[in-house]
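Student: the following block contains a protein sequence and its predicted model.
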Amino acid sequence: MLSQALTHRSHGTQNNERLEFLGDSILNFLIGEALFQQFPLEREGQMSRLRAQLVREKTLAVIAREFSLGDYLILGEGELKSGGRDRDSILADSLEALIGAIYLDAGLEVCRARVLDWYADRLSASALDTSAKDSKTRLQEYLQSLQQPLPEYRVVEEAGEAHSRLFTVECSISLVKQPARAQASSRREAEKAAAAQLLRALKI
C-alpha cells in the first residue's frame, strides 16, 4: 500500500490516484475538525478560508519536502527527467495518497495523529491572524484560496470639493451576483468598505 501511495500515474496503471482521492477527503475532514475545535467562536467562512490555506497544494508540497517525500516517489522516466520529484503538484498528490494509505492500513485515529503532528506548528500559527488584515486583503486571500477571480473595483462617482471629495466605489466578485457599493472620503477607504460588505455577504 505504501508503494502504491508513492507511485505516480506516469509509472503505470497501478498508481496512487485512488488513494489520493481518499486522502484528500480525509485531510479536509481532519483539518476542518481541528479548526472547529481550536476556534470555538469563529464563523464558518473564516474557518473555511483557513482550511483552504492549510490543505492547498503549496502547503502540502512544503510538508512533503520536510520529510523528503520526493526522494521515495516512483515516477515514470519522463517525470524523472523533468524534475517531477520536486514538483508541487506531484508532492501534494503523493502526500494525500499517503494519508489515504495510512487511513486504510491503521485507521482514523492513527491517521489523525499523524496529520495533526505534521500540522501542529501550522495550526498554532493560524491563530486567525486575519483580524489585523483589512477587508480588501481578506477578500482577495479568500478568493485566491478558492481559485476564484480577484475582486474588481470601479469608481462609479466622484463628488464634492477638492478638500472634501467623496468617492463611490463598486466591488464585484464571481461568488456574489450583486456588486457591493460604498462611499468614503478616499478611493481606498471606499474599496475597503465595499470589500467588507462582500465579506459579510459571504459570511466571513
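Tutor: Looks like it came in fine. Residues are numbered from 1 along each chain as shown.

Student: care to break the protein down by domain?
Tutor: Here the domain assignment for the chain is 2-127, 135-201, based on automatic domain parsing.

Student: in CSV: the ones you listed, plus mean pLDDT and mean neighbour count.
Tutor: C-betas here are computed from N, CA, C, even on glycine. Shown next, in CSV, are those (pLDDT from 0 to 100; neighbours: other CB atoms under 10 Å):
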stretch, mean pLDDT, mean neighbour count
domain 2-127, 91, 17
domain 135-201, 90, 16
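
Student: helices and strands around the biggest helix by length in the chain, which ones?
Tutor: The single longest helix within the chain, with elements called by DSSP state H, is helix 17-38. Counting by 3 or more CB pairs under 8 Å, 6 or more residues apart in numbering; DSSP states H and E, the packing neighbours recorded for helix 17-38 are helix 44-55, helix 88-106, helix 108-126.

Student: list the contacts of it.
Tutor: 1, 4-5, 9, 42, 47, 50-51, 54-55, 93-101, 103-104, 108, 111-112, 115-116, 119, 123, 126 (CB atoms under 8 Å, 6 or more residues apart in numbering).

Student: do stretch 187-204 as well
Tutor: 43-46, 48-49, 134-136, 138-139, 142, 151, 153, 155, 167-171, 173, 175-176, 179-184.

Student: quick check: the gap between R188 and F167.
Tutor: 9 Å (CB to CB, to the nearest Å).

Student: for S172, what is the enclosing helix or strand?
Tutor: strand 166-173 (DSSP states H and E).

Student: need the contact partners of that strand.
Tutor: For strand 166-173, contacts defined as CB under 8 Å, 6+ apart pick out 139, 143, 148-149, 151-160, 179-187, 189-191, 193-195, 197-198.

Student: return the subset of those lying in strands.
Tutor: Under the assignment DSSP state E, the contacts of strand 166-173 contribute 152-159, 179-184 to strands.

Student: turn those into TSV, columns for distance to E17.
Tutor: Output for the ones in strands among the contacts of strand 166-173, formatted as TSV (distance: CB to CB, whole Å):
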residue	distance to E17
E152	37
Y153	40
R154	43
V155	48
V156	48
E157	53
E158	54
A159	58
P179	40
A180	41
R181	46
A182	46
Q183	51
A184	50
